[in-house]
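Visitor: give the three-dimensional model of this entry:
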Amino acid sequence: MSLFPNSSYTAPYPAGPVTLPLGSVLHVGVSVEETEIGRFVVVLEDCYATHSPDPNDLLKYLLIQHKCSTDRRQVTVEESGLSLQARFAALLFLFQGDYRDVYLHCSLNLCDQRNSSCSPMCSGRSVRSVDELVPLKPVTIGPITWSQSLE
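Guide: Here you go, the predicted structure:
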């Protein structure tokens with residue numbers, strides 16, 4: 001999982017802490033290396049922000065839940081279930097109203113597109129499907145630090 005400065009998703013920020021101005025758009029890309037090209041695709045299951053690097057932190061802010069954006073005004077799923085990469089954009093915000101560091105966590109699945117439809121359906125109703133999914137451990141990036149302008 002990597003952070004990118006813009007929607008082209010070509011050059012990620014270097015590994016380690018990233019400092020960004022409040023209100024900027026965070027572009028997140030996730031990719032998986034797979035030897036059996038064309039069989040599996042990456043599906044974003046749940047993505048959320050916490051103040052700690054622990055993905056099991058009880059205090060979390062959901063960005064993507066059950067494969068769909070929790071708030072389409074703040075989070076856009078740009079690609080999921082189409083290839084070995086997934087991408088989303090989220091508006092940077094003060095999580096819990098303070099300037100502490102933020103970590104992003106995403107749980108992913110590999111979906112076998114030979115046996116099921118892997119593209120998430122996110123319109124109004126939730127649709128239950130019996131996709132053949134291979135769950136992966138959550139991936140984490142961060143910390144993301146806010147730059148505060150002094151006026």
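
Visitor: report the helix or strand with the lowest average pLDDT across the protein.
Guide: strand 133-135 (a mean of 64; mean pLDDT, DSSP states H and E).

Visitor: past that one, which element shows up next along the chain?
Guide: Along the chain past strand 133-135, the next helix or strand (assigned with DSSP states H and E) turns out to be strand 139-147.

Visitor: tell me which helix or strand the closest residue to K137 other than its chain neighbours sits in.
Guide: Among residues not flanking K137 along the chain, S107 sits closest, at 7.9 Å (C-beta to C-beta, 6 or more residues apart in numbering). Backbone N, C-alpha and C define where each C-beta goes, glycine included. Assigning secondary structure by DSSP H and E places S107 in strand 102-112.

Visitor: mind listing the strands for the chain?
Guide: Applying DSSP state E to the chain gives strands spanning 2-4, 18-21, 25-31, 40-50, 61-65, 68-69, 75-79, 85-91, 102-112, 133-135, 139-147.
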